[in-house]
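Asks: Sequence first, predicted coordinates after that:
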Amino acid sequence: FINLNSPSKKPPKTLPPGPSTFPIIGNLIWLTKSFFEIEPMLRTLSSKLGPMVTLHIGPRPSIFVFDRTLAHQALVQNGSIFSDRPKALPTNEFMTCHQRNISSGTYGPTWRLLRRNLTSEILHPLRIKSYSHARKWVLDILLNNLMKKSKTGEPVEVLSHFRHAMFCLLVLMCFGDKLSQQQIEKIEVVTRKILLSSDQFNILNVCPSVTKVLFRHQWRKLFQLRKDRENVLLPLIRARRKAKDESKSKETDDYVLAYVDTLLDLELPLEKRKFNEEEIVTLTSEFLNAGTDTTTTALQWIMANLVKYPKIQNKLWLEIKSVMGDNDDEEIKEDDLQKIPYLKAVILEGLRRHPPGHFVLPHRTTEDTVLGGFWVPKNGTINFMVADMGWDPKVWEDPMAFKPERFLKTDDFNGEVFDLTGSREIKMMPFGVGRRICPALGLALLHLEYFVGNMIWKYEWKAMDGDSISLEEKQEFTVVMKTPLKAQISDRNKI
Ligand code: HEM
């Protein structure tokens, strides 16, 4: 790897190969496509052209990297060059208050402040522990709802239950735990609507000055969605501010810091002012969105594999039983999770085989540079093929099979537990790696282990009679099951 700033090396000026396109029109057409449409095309191109492929999307080249060693060189070894985000498309810019959130924020002091605030105030292990009562509360609701449904004798379609549970957890961490189910559902409806409609607004980004006239109804719809979001979130933000100002909250014993509390006093480092209400709405909705569909998707894929492969489910249950003994009425406590290595292996295998996102969020380079022998221009967009890295047959034997046992062979990982951060070497990267790695990796793993573990400990999960579980994928905001999981669920205590 050479940096173009180094005077001793003469840099190549050749971009990684890609398909030829019509100038301007071709570039604009890509803009209307979602990543999900692009993925299979990229795979075909890479099989012919090699581990790096360029597409001309919009005004700048977009480079896609399939190779895990190149990903490590870029994101870990040269993180300072590869950690910026591209300028947001107009619709995203509008919904993020000019990219003033963590995931789309420019690599600089505001992003650093927001990311550090989230990781040190909310995602710190001790703080995560302080939300354990919320997890227990949500687990009870989830288990009860699943059992209620299964008693009707109908197959239980689990997805909406999983999503609601994951959403409740994040709402409680974000706004404190005094919210009713009804309030939570109201927020869920609005945020979901925004997420599901995002693709339909792609067309507005092709020449916004024209689309503002031609598609003004669509633009109005987008304005309304942002307004609806403010209408549900602002009252919660104001209530928390009021409690803070009156310092009421700290007087009660059960006060738990919420994400929104940490945002109220933060000061924008360049502008030297506090975040305004619209910006806090953007930041809180980012927190809810970033964690709900990702974790829900992972949860569904993992449970689907446990239904599809009863032997794996049974092995997991036996291992849980060896820790829990005859305490059938108890749930698995968070401290006990680490005593169940097979549970961790099941979760890791789920994330490897079915990463919720098949790409990371787009990165932008801050300097002209060279990767894999090709030129990567300053301000170029670069992305990494997450799914393909986890399915690399050079790293993973029989990569498309679901085999949690592969994560128990610590010899394969230098005698240590598997390192998901890829700091030494990337073998898979469902959370990204480097400076933009998902800051909630630890929280997401805890949620997956706690909920999968307890759902298997309490209930036996079976496919519906005559039904086989299809692992076909469908591309939504994340890559989900094309046929959502339906299962027969029975109480293990009553078998
Ligand atoms: C299984 C669950 C999850 C998966 C697989 C996942 C995956 C990812 C990935 C791939 C990225 C992009 C990395 C990159 O651009 O290089 C990311 C970023 C991010 N994730 Fe997650 N995530 C999960 C859960 C969560 C949760 C629960 C939260 C919050 C509570 C969260 C908050 C974020 C944020 C704020 C970013 C932006 C980081 C930045 O740009 O600096 N994620 N995540």
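Replies: In hand now; what should we look at?
Asks: Alpha carbons of stretch 108-118, as CSV, please.
Replies: Extracted in CSV, the C-alpha atoms of stretch 108-118 (Å, rounded to 0.1, in the frame of the first residue of the first chain):
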residue,chain,number,x,y,z
GLY,A,108,-14.3,15.5,11.9
PRO,A,109,-14.9,17.0,15.3
THR,A,110,-18.7,16.9,15.4
TRP,A,111,-18.8,13.2,14.3
ARG,A,112,-16.1,12.5,16.9
LEU,A,113,-18.0,14.2,19.7
LEU,A,114,-21.3,12.5,18.9
ARG,A,115,-19.7,9.1,18.6
ARG,A,116,-17.7,9.5,21.8
ASN,A,117,-20.8,10.6,23.6
LEU,A,118,-22.8,7.6,22.4
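Asks: Give me the distance between it and the centre of its chain.
Replies: 18 Å (C-alpha atoms, centre = their mean, to the nearest Å).
Asks: And for stretch 218-225?
Replies: Relative to its parent chain, stretch 218-225 has a centroid offset of 26 Å by C-alpha atoms, centre = their mean.
Asks: So which bits of that stretch are buried?
Replies: By 16 or more other C-beta atoms under 10 Å, the buried positions in stretch 218-225 come out as 218-219, 222, 225. (C-beta placed from N, C-alpha, C; glycine too.)
Asks: Over to stretch 471-484?
Replies: Neighbour counts over stretch 471-484 (16+ other C-beta under 10 Å) mark 471, 473, 475, 477-481 as buried.
Asks: OK, contacts around the residue most central in space within the chain?
Replies: Compute the mean C-alpha point of the chain, and by C-alpha atoms, centre = their mean the closest residue is T294, 4.0 Å away. By C-beta atoms under 8 Å, 6 or more residues apart in numbering, T294 lies in contact with 356-357, 444, 478.
Asks: in the stretch 251-400 of the chain, which spans are helices?
Replies: For the stretch 251-400 of the chain, the helices defined by DSSP state H, counting those that start in this stretch cover 259-264, 277-308, 310-324, 341-353, 386-390.
Asks: Save those helices as CSV, and put in mean pLDDT and distance to the ligand too.
Replies: As requested, those are arranged in CSV below (pLDDT from 0 to 100; distance: least, C-beta to the nearest ligand atom, whole Å):
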stretch, mean pLDDT, distance to the ligand
helix 259-264, 97, 8
helix 277-308, 97, 3
helix 310-324, 97, 19
helix 341-353, 98, 7
helix 386-390, 97, 6
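Asks: For the helix or strand encompassing S490, could you pull out the residues that count as buried?
Replies: Assessed by DSSP states H and E, S490 sits inside strand 486-491. Residues of strand 486-491 classed as buried by neighbour count (16+ other C-beta under 10 Å): 486-490.
Asks: can you check stretch 302-316 too?
Replies: Neighbour-count burial for stretch 302-316, counted by 16+ other C-beta under 10 Å, picks out 302-309, 312-313, 315-316.
Asks: cool, stretch 43-56 as well?
Replies: Those would be 45-46, 49, 51-56, for stretch 43-56 by 16+ other C-beta under 10 Å.
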